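Participant: Predicted model, plus sequence, below.
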Number of protein chains: 2
Amino acid sequence: MSAQSDKHAVLCEKLKACDIRPTPQREVVLKVILEKRDHPTADEIFARVKASMPTISLATVYNCLETLVTCGLVRQVNLERAPTRYCPNLQEHAHFHDEVTGKVHDVELPGDFMDRLRTILPAGFDASTVELNFRGKAATN
Amino acid sequence: MSAQSDKHAVLCEKLKACDIRPTPQREVVLKVILEKRDHPTADEIFARVKASMPTISLATVYNCLETLVTCGLVRQVNLERAPTRYCPNLQEHAHFHDEVTGKVHDVELPGDFMDRLRTILPAGFDASTVELNFRGKAATN
DNA sequence: AGTAGGAATTAGAATAATTCCAAATCACCC
DNA sequence: GGGTGATTTGGAATTATTCTAATTCCTACT
């Protein structure tokens, strides 16, 4: 089995595990998000996907992204007014938005951090998701 | 001195303290944000402002908001893909986004909370702002 | 294998939030 | 009170995203 088809199989499994049809479009969108973890926007994903699938439409990219987000294979990150970005890191983590370069970095968190954050909520508030974003300058390296 | 002009004077002072010209438009935009602390969008602010200043334009509302945000009198809150909301609470606080009602609630935080959050950043990351957003269901009351 | 039926994809139009632009007006300083 | 740079204005433009309707593709069933 080639590395190619191996990858295909892995992606396919991921999709099937979420009970969604493993279409070629979904596969390639997911592949693109996984292989360069730089929090691309829908437009950037569209451009990268077109390299291997020139006939795909932007609407399909949006459809696939929505599906992947809904089934939890990908997270969306919204920072300020900028276009939504997509992140394949499923661990709990925060985001650091570099205001010089515009890049977004993942920030790993101590184990139960997000759960501890949840405890500051007053009674009656039940949070399904917690989002922690930093913004500032990162050392150039 | 009437309560009206008193209010006017207070707003005016706030603007001047930030080294920006206290124009009537900026004053009324700020007034609207301060008097109903429900995190309105630019459009909602526009509608409310028009009640007392029917000739104001949406572009001006955006201009004023940008000025007020830049000088720190108002904060902007961005949640998901929804329009930007504006918040007059200058204390450090988090936001809770009620996914049923769509409302945004302020969540007060223990004193040095945001600073403690900052300490989880790896060396080389210097955050100027920290944003903590929850999303979920709030008890109806 | 053939086909019905639902799901997914497509291209392009539509929408919605925000920004841009150029002209008119305003506010502050002398 | 006049000059000057800041501000406001309305409308056009931009940008991200969603909608729509038609087409194509799978999948299951016979």
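Facilitator: Ah, there it is. Residues are numbered from 1 along each chain as shown, chains lettered A, B, ... in the order given.

Participant: how about the helices of chain A, start to end?
Facilitator: All helices of chain A, identified by DSSP state H, fall at A:3-17, A:24-35, A:42-52, A:58-70, A:113-118.

Participant: Identify, out of those, the most deeply packed stretch.
Facilitator: Greatest average neighbour count among the helices of chain A goes to helix A:24-35 (a mean of 20), per mean count of other Cβ atoms under 10 Å in any protein chain shown. For glycine as for every other residue, the C-beta is placed from the backbone atoms N, C-alpha and C.

Participant: if we can go back for a sec, ranked by average pLDDT, which of the helices of chain A falls at the bottom?
Facilitator: Of all these, helix A:3-17 carries the lowest average pLDDT, namely a mean of 77.

Participant: elements contacting that one?
Facilitator: Under the contact criterion of 3 or more Cβ pairs under 8 Å, 6 or more residues apart in numbering or on different chains; DSSP states H and E, helix A:3-17 touches helix A:24-35.

Participant: so what's A:Arg118 up against?
Facilitator: A:127, A:130, B:134 (Cβ atoms under 8 Å, 6 or more residues apart in numbering or on different chains).

Participant: Point out the residues in chain A that sit beside DNA strand C.
Facilitator: For chain A, the contact set with DNA strand C under Cβ under 7 Å from any atom of the strand comprises A:20-21, A:23-26, A:53, A:55-60, A:63-64, A:67, A:81.

Participant: which of those residues come close to chain B?
Facilitator: Residues of the residues of chain A next to DNA strand C in contact with chain B (Cβ under 8 Å from any Cβ of the partner chain): A:Arg81.

Participant: Of all residues in chain A, which one is closest to DNA strand D?
Facilitator: A:Thr84 (3.2 Å; Cβ to the nearest atom of the strand).

Participant: so that residue sits right up against A:Val69, yeah?
Facilitator: No: applying Cβ atoms under 8 Å as the test, A:Thr84 and A:Val69 come out as separate, 9.4 Å apart.

Participant: elements contacting the lengthiest strand in chain A?
Facilitator: Ranked by residue count and defined by DSSP state E, the top strand of chain A is strand A:125-138. Other helices and strands packing on strand A:125-138, by 3+ Cβ pairs under 8 Å, 6+ apart, are strand A:93-98, helix A:113-118, strand B:125-138.

Participant: ranking those by burial, who's on top?
Facilitator: strand A:93-98 (a mean of 21).

Participant: and it, what other elements does it pack with?
Facilitator: strand A:104-108, strand A:125-138.

Participant: a markdown table for these, including mean pLDDT?
Facilitator: Output for these, formatted as a markdown table (pLDDT from 0 to 100):
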| stretch | mean pLDDT |
| --- | --- |
| strand A:104-108 | 93 |
| strand A:125-138 | 92 |
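
Participant: Can I get those in CSV including distance to B:Val32?
Facilitator: As requested, those are exported to CSV (distance: least, Cβ to Cβ, whole Å):
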stretch, distance to B:Val32
strand A:104-108, 33
strand A:125-138, 27
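
Participant: How is chain A partitioned into domains?
Facilitator: Listed by automatic domain parsing, the domain ranges of chain A are A:3-85, A:91-136.

Participant: Let's have these in JSON lines, adding distance to B:Lys7.
Facilitator: Shown next, in JSON lines, are those (distance: least, Cβ to Cβ, whole Å):
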{"stretch": "domain A:3-85", "distance to B:Lys7": "31"}
{"stretch": "domain A:91-136", "distance to B:Lys7": "31"}
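
Participant: Right, I'll leave it there.
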